[in-house]
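> No sequence on hand, only this structure:
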Ligand SMILES: [Zn+2]
């Protein structure tokens, strides 16, 4: 039996209503043995006191209920986004607000490349830039002797230089939808949608399918999590083979690996038996830090891409309604099959029409195959209001709302997609909690950077990039937001018996904070420094 | 010699329209090509045990050289894998999922220098298509599939395509409408290449089709070739081949329905060679020959 360590902190916020705060937590065998004062574990035998964290505030390790491990693959490339971002090694990459700055960063990166290496950049977001549109000529000025590829943050566009166009043979004669052109008919460098982008990606070796589960990338993901205080994170739409799952299991099994990974896999099987067999194979590789077991379904697209399925009155610009990734009949069939197979689903729904169809399907599935503990989760669920939340509550369905959207895209939603009245009630955390739902909030990293305190800040303040408060009535309190990024998210992963609070019997997973989030001005929540994390009682803090 | 381009044909159509039936037929036919078929789900693929060489988790290999596999979660990367296979398959056939826009996939074949555009065949269920096309939730995507089609394959038409359906489809798409029940073989529709088989079998196997093949010394500019192909008889399902050029390596041609695709040939074309197929009921071999030979 290993010894008992008693960590002292300036304050411990436990998320356990029986003892909301404490100054000491005792850890044995990677679990919380006792919580209280310096003597809290004395009745258990000899203890060792650890004062390294004495000046810090401890909370349960944050739980990111919707992220993607592919984030780390992008950091192989140069970040050229509008927003500030921090790489896995902690280096800050300031946001770039005009094309000149983008080109300067690209030139800087080009100098450091090997002779035949293409220059690849990511995160470019022209909607925030007022300057002229990025073209092949700009990128030719960076370097003409190798392909230059700038991926846009939406994932649907890229801009490339003349060398890249030449490599795939795109010219004025190319009969390809998606090649954007200058008035003279020559490609201007912008390529739209995967079909036109794929030949370029193929030639520069951009294949993320298995990369994010390789050791170096898994380690980098751990560093991102530790820096943002996350000790459990999802990989929500993991494309895995059995070999990939085994590699991931090996990469995460070391005691010092700082985060528990909860993948939700994409499955293509169509019978309960096949899915059950696939999940059983995957579960076989599970250990304390890796939890296969759930699946992910995609139903519609995104609101800012006008591909979310939304109800009347539709998009304010009169755009046609969005795109189903799965037709409603298949959503029904799949929900019934998963429910029958006893497999939890994380279901992507952005628009309110998609959320409605999914709730219809879950309701039918619940009648056909009763499973009180199914706890399926609607992911994003950005346009759900009180009526849909009430239905979710009746069904025992959870929601994970995309609070970060309010700051990143709130102004655009008010101006361009669904208008100010519906934007003001997007990601309606207040209404979800009032309906009694289990609610998490998320970053969808890499869509927005991982950072549960930032996500909590969004849900508490609902400020947009322009500084407006978008829907004051849907704000929640700081304690409610802190619950959402710990116990709330743990419940959506069915892990609340193990993680999400600091109380006897749970895993010793903590986030180490510089200040008390309950004591500071709520508008400072996003700026509160995360000093590191503790996982299974192993301290990994930058102090 | 360069590795030949990999032609891609996409099969679209809603769930239950008959895409899998079509694929099962193709895999059984004696078309002489090593076709790689990528499907979403093996569930409905149904290969007789005596035709199977091997079947592991996500790949089935057939005695006729065809391979059937699942595409995994990234369709485009799976296309890259197909291109990297050695030997490279003769043809790639992708089953689009029920609601997908087949053009989103097929466009990759126009874009990718190592691929050839083999067209979009959309399977239309004569019994249910009308209701699906009017559905408030999915109607727009269902109609969009037909609008994207190069060939419309009508299934479950028991005794002929209903005129009302034919008219509705025609309003959305100029693509030829083909009752699959009338087709002796589906390979000519999906892969082209009836003519080489005809040589072998003297045309006896495919009574519903007319095949035409041509070999000659003509050399054409891209513009002249495009103009010529634009005047091809409307009834033709497919034309493919290599055309010599006066001032370049030559052209690789793929015509499917009303879609015309011309790419520069990878190796110099010494002699023009073309094959075409169309329905026996609507076109005669002499008509095709006339079109090509006239001025
Ligand atoms: Zn996501």
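Ah, there it is. Just so we're clear, the structure is a prediction, and the values are computed from it rather than from any experiment.
> in the stretch 251-400 of chain A, which spans are strands?
Using DSSP state E, counting those that start in this stretch, the strands of the stretch 251-400 of chain A run over A:260-265, A:294-298, A:345-349, A:377-380, A:398-401.
> Show me the one of these that comes nearest chain B.
Chain B lies closest to strand A:260-265 among the strands of the stretch 251-400 of chain A, at 8.8 Å (Cβ to the nearest Cβ). In this view, the C-beta of every residue, glycine as well, is placed from N, C-alpha and C.
> Name the residues that touch that closest one?
A:69, A:218, A:221, A:231-240, A:248, A:252, A:278-279, A:282, A:288-292, A:294-296, A:346, A:493, A:495, A:499, A:509, A:535 (Cβ atoms under 8 Å, 6 or more residues apart in numbering or on different chains).
> Now render the strands of the stretch 251-400 of chain A as a markdown table, adding distance to residue B:290 and mean pLDDT.
Putting the strands of the stretch 251-400 of chain A into a markdown table (distance: least, Cβ to Cβ, whole Å; pLDDT from 0 to 100) gives the following:
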| stretch | distance to residue B:290 | mean pLDDT |
| --- | --- | --- |
| strand A:260-265 | 58 | 96 |
| strand A:294-298 | 51 | 94 |
| strand A:345-349 | 55 | 97 |
| strand A:377-380 | 59 | 98 |
| strand A:398-401 | 65 | 98 |
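> could I get the ones you listed as TSV with mean neighbour count?
Formatted as TSV, the strands of the stretch 251-400 of chain A follow (neighbours: other Cβ atoms under 10 Å in any protein chain shown):
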stretch	mean neighbour count
strand A:260-265	26
strand A:294-298	22
strand A:345-349	26
strand A:377-380	30
strand A:398-401	30
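> Just send the ones you listed back as TSV, with distance to residue A:76 too.
Shown next, in TSV, are the strands of the stretch 251-400 of chain A (distance: least, Cβ to Cβ, whole Å):
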stretch	distance to residue A:76
strand A:260-265	20
strand A:294-298	24
strand A:345-349	26
strand A:377-380	27
strand A:398-401	28
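> check contacts around residue A:354.
Here residue A:354 is in contact with A:299-300, A:308-309, A:324 (Cβ under 8 Å, 6+ apart).
> nearest to chain B, of those residues?
residue A:324 (5.1 Å).
> Any chance of the backbone angles for the closest one?
Note on residue A:324: its backbone torsions stand at phi -80, psi 130 [degrees, to the nearest 10].
> What count of nearby residues applies to it?
Residue A:324 has 26 neighbours, counted by other Cβ atoms under 10 Å in any protein chain shown.
> so where's the chain uncertain?
I'll assume chain A. A:1-2, A:543 (pLDDT under 70).
> Can you look at chain B instead?
B:1, B:43-44, B:193-207, B:295.
> Which strand runs longest in chain B?
strand B:115-125 (DSSP state E).
> Just give the strands next to that strand in its sheet, each with its orientation.
strand B:6-12 (parallel), strand B:151-155 (parallel) (DSSP bridges).
> Quick check: which of those is buried the most?
Most buried of the strands paired with strand B:115-125, by mean neighbour count (mean count of other Cβ atoms under 10 Å in any protein chain shown): strand B:6-12, with a mean of 27.
> just checking, what packs against the helix or strand following that one?
Remark: after strand B:6-12, the chain's next helix or strand is helix B:19-28, criterion DSSP states H and E. If you count contacts as 3 or more Cβ pairs under 8 Å, 6 or more residues apart in numbering or on different chains; DSSP states H and E, helix B:19-28 packs onto strand B:6-12, strand B:35-39, strand B:91-95, strand B:115-125, strand B:151-155, helix B:187-191.
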